[in-house]
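**Q** sequence first, then the predicted structure:
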Amino acid sequence: MRRDYAILVGLLAAVFLLPAFDRNIYHLQIVAVVGLFYIAALGLNLLMGYAGQVSLGQASFMGVGAYVSMILTHKRGYLQQWLGGGFETAVAWLSGQSWAPGGLARGLAGAGAVLVGGADRLNQFAIGHLYIAPLIAAAVAGLIALGVGAVGLKLRGHYLAMATLGMGIIIVKVFEAEQTLTGGRSGVYGIPKLWIFGPPADPSNYKLFLYYLIWALAGVLVIFAIHLVHSRLGRALRAIHSDELAAAASGVPVMRLKLLVFVIGAVYASLAGSIYAHLDGFIDPPMFGFMESVTLLIMVTVGGAGSIWGALLGVALLHTLPQVLTWAKDYEMAVFGLILIVAMIVAPKGLAGLLDRAWRAVWKPRP
Amino acid sequence: MDFLLESLPQCLINGLTRGSIYALIAIGFTIVYNSTDAINFAQGEFSMLGGMIAVSLAGAVAGLGLVLPTWVYVPFAALAVMAVASAFELGAINPARKAAPVNLVIITIGGSILLKGIAMLIWGKDDLMLAPFSAARTIRLGPVGFELQSVWVWAATLIAVVLLHLFFRRTIAGKALRACAQDRTAGALMGIDAGRMTLIAFALAGAIGALAGVIVTPLIYVNYFSGTLIGLKGFCASVLGGMGSIPGAVVGGLAIGVLEQLFGTYLSTGYMDAFAFVVMLAVLLVRPSGLLGEPEGDRA
């Protein structure tokens, strides 16, 4: 545990001091995005490494975070429009039905007006207090995870992988199909900047502000993860990962803990996704699709599932490599696939596993 | 109401065509699952490769100034994809055979991405087309209309299912595969080499996938990415039918094809692609073993 804290302090120091040496916003943005994906990957890592379950929908949780945060804070009022439109259609249909008394349609219209008014007030509040939107988004993601997890974790086996696969595809479909709510396939521009402490006197340093915000959040979430892993809960999770039957026989509430880790992972991804939306002010559905979930899976696997720092290695490697090797863009997909296969065969514990073995060989050689 | 009567048979026809393709892909999933307990996410890519290779063969033949009917390419495409699938099994699955099924699933995901990447390098990102098996013709039978190619799809699926049935019931290799699927240890005691069974399973899955790919390409184009969605939906079909059951795969495929078409026509075209996944989630909720699978007893 002390080693983890030492690494964290060193990492945060390096990250926080970087802008003093390199003022290039492009470089800083890359490091910031690495931070965001690290948060999402960390959530997936907790699930995969400690609960031993695969989720194929982590990017869609990022999408939930992004879209909910966008809907709440965008001045176009997507939520009100969508609710209003829906109620209009319902009221119109009801009015045409001979069996429905007039009062019913009027009542429905009244209820609709109340909800739209409430949504409007929520929208204004979220715009004025920008920190609220990512939190609400995280709650929504958590609820979805609770529902899907309850279905997918009921039985032992790979059912969670299937359930998250389906969930991820359905979520992205919703983003594409519900145009009045989400802007549809073409995406949404003009997402407000995330000045959670209120707009500053000099707004030109937005990207730098986000850089620090992201890594501060990452630091907090890493501390949370470290404590989780070294707690009684963490040991119970590792027991589940080792041998589920034995853990259950020892009194570990297996399904509840797996569900908890799944929800935590979803919340991590959602927070990352929310900030991602406010980074460039633009989102569209493909940003959170199946391939993106698979990319996160690769990052966690190659970095080393079950290692808090492994996830960072995986993200850093797989995010920066394409930036550096731009000439090989066409080969990117094939290479990623190959890396995943080779990693799983040669180093199932990922880079972190390899480094760990090297560390042990150097510092604790056999007598 | 007249509109309903006219469209319902049409939906069924279209649905059966989709369903046949899903059924073939689902069978591919099932065969590999029975042998390895793992889900082969590269199954959709086997299908995509079948279509792509057939297109290239047709192009090469055309370059020689000839025109051959498209069905001629089926065995060649199937052989080629069988080779790819076998190479994949030998290079990626076999080395990891001692690993947990979770790791195998991740490896097949890697394989799927690798195949997509290679396909993109070889064939680019364009949509590619194949000529139909016989002259392109739309048949009109009363209120319904369908492409002649659809008949070929149904016929090919039927023939494939019958041949597979014969393979599993009448040949030694097929019986060995079934034995291995039932109980690998018992199979080993009987002298069946599990590694070779897995290789055969992958080769079969590759051939069936290729068949599906070639027969569907004349109806909708093929591109480096088209394997993904069709593979995932085929997977939903095998979950619906029951992961270990081949009859289940056929039933599941046809059911999803028809239901998806009905849903898309009458309820919502926007969400049509998501329908198969909603079905899968419903199956996991209500009866995870699927329609024809064996009920699993292990509660978490």
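**A** Arrived safely. Nothing here was measured: the structure is a model prediction, and the numbers come from that model. Numbers count the residues shown, from 1 in each chain, chains lettered A, B, ... in the order given.
**Q** grab the most central residue of chain A for me.
**A** The centroid of chain A falls nearest to A:Ala269 when counting by Cα atoms, centre = their mean (1.4 Å).
**Q** quick one, what contacts the nearest residue to it once chain neighbours are set aside?
**A** Take A:Ala269 and drop its neighbours on the chain: the residue closest to it by Cβ to Cβ, 6 or more residues apart in numbering or on different chains is A:Phe61, 3.7 Å away. The way it works is simple: take the backbone N, C-alpha and C, and place the C-beta from them, glycine included. Contact analysis of A:Phe61 by Cβ atoms under 8 Å, 6 or more residues apart in numbering or on different chains lists A:Ala40, A:Gly43, A:Ala141, A:Ile144, A:Ala145, A:Gly265, A:Ala266, A:Ala269, A:Ser270, A:Gly273.
**Q** which of the three states applies to A:Phe61?
**A** helix (DSSP: H, G, I helix; E, B strand; the rest coil).
**Q** and it, how far is that from A:Gly314?
**A** 18 Å (Cβ to Cβ, to the nearest Å).
**Q** please apply the same query to A:Gly35.
**A** For A:Gly35 relative to A:Gly314 (Cβ to Cβ), the value is 14 Å.
**Q** between the two, point out the one with more neighbours.
**A** Between A:Gly35 and A:Gly314, counting by other Cβ atoms under 10 Å in any protein chain shown, A:Gly314 is the more crowded of the two (31 against 25).
**Q** B:Phe146 belongs to a helix?
**A** No. Counting by three-state DSSP, one finds B:Phe146 to be strand, located in no helix.
**Q** tell me the contacts of it?
**A** By Cβ under 8 Å, 6+ apart, the neighbours of B:Phe146 are B:Ile13, B:Asn14, B:Thr17, B:Thr138, B:Ile139.
**Q** surely the residue nearest to the centre of chain A and A:Ser55 touch.
**A** No. Judged on Cβ atoms under 8 Å, A:Ala269 makes no contact with A:Ser55 at a distance of 9.2 Å.
**Q** near chain B, which residues of the stretch 251-367 of chain A are found?
**A** A:254-255, A:258, A:290, A:294, A:297-298, A:301, A:330-341, A:344-345, A:348 (Cβ under 8 Å from any Cβ of the partner chain).
**Q** at 10 Å what do you get?
**A** Proximity of the stretch 251-367 of chain A to chain B (Cβ under 10 Å from any Cβ of the partner chain) is limited to residues A:253-256, A:258-259, A:289-291, A:294-295, A:297-298, A:300-301, A:305, A:330-346, A:348.
**Q** one more: the stretch 51-200 of chain A?
**A** A:52-54, A:56, A:147-148, A:150-163, A:165-174, A:176-179, A:184.
**Q** among these, which ones are in helices?
**A** Judged by DSSP state H, the subset of those located in helices is A:147-148, A:150-152, A:159-163, A:165-174, A:176-177, A:179.
**Q** quick one on the thing from earlier: near chain A too, which of the contacts of B:Phe146?
**A** Answer for the contacts of B:Phe146 near chain A: none qualify (Cβ under 10 Å from any Cβ).
**Q** of those, which is the most crowded?
**A** That'd be B:Thr17 among the contacts of B:Phe146, by other Cβ under 10 Å, with 25 neighbours.
**Q** tell me the contacts of that residue?
**A** B:146-147, B:149-154, B:157, B:215-216, B:219, B:257-258, B:261 (Cβ atoms under 10 Å, 6 or more residues apart in numbering or on different chains).
**Q** and A:Lys193, what helix or strand is that in?
**A** Element membership of A:Lys193, judged by DSSP states H and E, is empty: it is in no helix or strand.
**Q** neighbours of it, how many?
**A** Using other Cβ under 10 Å: A:Lys193 sits among 16 other residues.
**Q** again with B:Met82
**A** Neighbours of B:Met82 (other Cβ under 10 Å): 21.
**Q** what's the answer for the one 10 residues further on, then?
**A** The burial metric for B:Ala92, expressed as a neighbour count using other Cβ under 10 Å, is 23.
**Q** do the one 3 residues further on as well
**A** Here the neighbour count serves as a burial measure; for B:Pro95 (other Cβ under 10 Å) it reads 15.
**Q** just the buried members of the residues of the stretch 251-367 of chain A next to chain B?
**A** The neighbour count (16 or more other Cβ atoms under 10 Å in any protein chain shown) marks A:254-255, A:258-259, A:289-290, A:294-295, A:297-298, A:300-301, A:305, A:331-345, A:348 as buried among these.
**Q** take those residues and keep only those in helices.
**A** Going by DSSP H, the helices hold A:254-255, A:258-259, A:290, A:294-295, A:297-298, A:300-301, A:332-345 from these.
**Q** state which helix of chain B is the longest.
**A** From DSSP H, the single longest helix across chain B is helix B:2-36.
**Q** pull the distance from it to the chain's centre.
**A** Distance of helix B:2-36 from its chain centroid, counting by Cα atoms, centre = their mean, to the nearest Å, is 10 Å.
**Q** any idea of the mean pLDDT for it?
**A** Across helix B:2-36, pLDDT averages out at 84.
**Q** and the next helix or strand after that helix, what's buried?
**A** Sequence order places helix B:43-63 as the next helix or strand after helix B:2-36, per DSSP H and E. Residues B:43-58 are the ones in helix B:43-63 that count as buried (16+ other Cβ under 10 Å).
**Q** what of stretch A:68-77?
**A** A:Val68, A:Ser69, A:Met70, A:Ile71, A:Leu72, A:Thr73, A:His74, A:Gly77.
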